[in-house]
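>>> pasted the sequence and its predicted model underneath.
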Amino acid sequence: METRDLVLDGNAIGGLLLELFGTDLTAAPCTCDHCGAKEEMARLEVYVQCPGVVVRCRSCGSVVITVVRGPTRTWVDLRGTRGLEL
Amino acid sequence: MRTLELDAPGWAGHRAGQHLDVRLTAEDGYQAERSYSIASAPGDPLAITVERLEDGEVSPYLVDEAREGDRFEVRGPIGGYFVWDADEPEPVLLVGGGSGVVPLMAMARHRARQGGSATMKLVYSSRTWDDVIFRDELDVLARGGFEVVHTLTREQPPGWSGYARRIDRELLAEVAFPAAEEPRVYVCGSTRFVDAAADGLVELGYGPRSIRTERFGATG
């Protein structure tokens, strides 16, 4: 397997986001705070082979969301997201 | 491959192209969770078609061990982007690699069930003829505005006259609807498969935003 195969897309975390936010976010437009690109969540690059989940902008590669799950709570970092349309 | 019909109490129904998550919990509390595309058409009993992946944590159970009456957690339906509704009028181009055909099959079944008028074409890449999932059913569906184009990338049966190479710009140039027809496009498979197919379509003049993609991971 090559590194490229590890890059999934936002569809892969649809279930996780559904659980966290209570609604399906895969079609929700997400604006990158770094470059301003706006894409549906399903179109963003997702890395799940790390301690947690990292979502990156498909245009500039910046981290837009990270999610780290612990035994009793979950940490969501949205600093790289300028806006999320629900 | 194995298709499992799931009886999920309270299931609200699904759209063609959606997936669900299966979570297994071991006796010691260890949990493993994986996503599987829904293979059945909306309105039909809920079914997933699962490919057994070596070293997988969930798919070996689902394919080899799960028995009628077993219970496990299911979350879904999931997805509002990689979905197709039968009342969409545009031609539909489906591009699938390996088990990436599963959500596309739900769309083909949905069209057949609804008697949809949209023209639909599936371009489907498999390693060998024996690896073609839903082979017989696709044969039956392939009429009345639904067409299937197979390509076999590793081995072809004697007398094979179809495509025998990976899906790329050249292949798509021969079989895809012209971009001017503004088809809806759904591409599903491994990351490299999806990237190659989507890049090829963009080079042929398809708008990047008209191409809906779903990338499968290599963990099962």
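Everything's here; your move. All figures in this text were calculated on a predicted structure; none of them were measured in a lab.
>>> residue contacts, A:Leu84?
Applying CB atoms under 8 Å, 6 or more residues apart in numbering or on different chains, we find A:Leu84 in contact with A:Leu25, A:Ala28, A:Pro29, A:Cys30, A:Thr31, A:Leu78. From N, CA and C alone the C-beta is placed, and that goes for glycine too.
>>> let's see that with 10 Å instead.
The neighbours of A:Leu84, taking CB atoms under 10 Å, 6 or more residues apart in numbering or on different chains as the test, are A:Phe21, A:Leu25, A:Ala28, A:Pro29, A:Cys30, A:Thr31, A:Met41, A:Val64, A:Ile65, A:Leu78.
>>> pLDDT score for the residue lying farthest from the centre of chain B?
Distance from the centre of chain B peaks at B:Asp28, with 34.0 Å (CA atoms, centre = their mean). For B:Asp28, the pLDDT comes out at 93.
>>> I'd like the distance between the residue nearest to B:Ala66 when sequence neighbours are not counted and B:Asp85.
In space, and not counting its chain neighbours, B:Ala66 is closest to B:Leu4: 6.3 Å by CB to CB, 6 or more residues apart in numbering or on different chains. Noted for B:Leu4: a distance of 25 Å to B:Asp85, by CB to CB, to the nearest Å.
>>> got it, and B:Phe134?
According to CB to CB, B:Phe134 stands 21 Å off from B:Asp85.
>>> the two: which is more packed in?
Neighbours were counted for B:Phe134 and for B:Asp85 using other CB atoms under 10 Å in any protein chain shown; B:Phe134 has more, 22 against 14.
>>> not counting sequence-adjacent ones, nearest residue to the more buried one?
In space, B:Phe134 is closest to B:Met105, 5.3 Å off (CB to CB, 6+ apart).
>>> phi first, then psi, for that neighbour.
Backbone torsions of B:Met105, given as degrees, to the nearest 10, read phi -70, psi -40.
>>> might you report the residue contacts of it?
Here B:Met105 is in contact with B:16, B:37-41, B:49, B:94, B:96, B:122, B:124, B:133-134, B:137-138, B:141 (CB under 10 Å, 6+ apart).
>>> just those residues: which are in strands?
B:Ser37, B:Thr49, B:Leu94, B:Gly96, B:Leu122, B:Tyr124 (DSSP state E).
>>> closest to chain A out of these?
Among the ones in strands among the contacts of B:Met105, B:Ser37 lies closest to chain A (CB to the nearest CB), at 9.6 Å.
>>> the closest one contacts B:Glu214, doesn't it?
Yes - under the criterion of CB atoms under 10 Å, B:Ser37 makes contact with B:Glu214 at 8.0 Å.
>>> care to break chain B down by domain?
B:2-78, B:92-216 (automatic domain parsing).
>>> contacts for the worst-scoring helix or strand of chain A on mean pLDDT?
Across the helices and strands of chain A, mean pLDDT, DSSP states H and E gives its lowest value to strand A:45-50, namely a mean of 90. Strand A:45-50 is contacted by residues A:1, A:3, A:5-14, A:16, A:39, A:53-59, A:61, A:63-68, B:191, B:215, B:217-219 when judged by CB under 10 Å, 6+ apart.
>>> list only those of those flagged as buried.
Among the contacts of strand A:45-50, those scoring as buried are A:5-14, A:16, A:39, A:53-59, A:63-67, B:191, B:215, B:217, B:219 (criterion: 16 or more other CB atoms under 10 Å in any protein chain shown).
>>> among the contacts of B:Met105, show me the least confident.
B:Leu141 (94).
>>> ranges for the helices of chain B?
B:59-60, B:101-114, B:135-141, B:169-175, B:191-203 (DSSP state H).
>>> who are the packing partners of the third one?
Helix B:135-141 sits against helix B:101-114, strand B:120-126, strand B:146-152, with contacts defined as 3 or more CB pairs under 10 Å, 6 or more residues apart in numbering or on different chains; DSSP states H and E.
>>> buried set for it?
B:Leu138, B:Leu141.
>>> circling back to that earlier point, so what sits against both of B:Ser37 and B:Glu214?
Common contacts of B:Ser37 and B:Glu214, defined by CB under 10 Å, 6+ apart, comprise A:Asn11, B:Gly17, B:His19, B:Gly79, B:Phe82, B:Gly100, B:Pro103, B:Leu104, B:Cys188.
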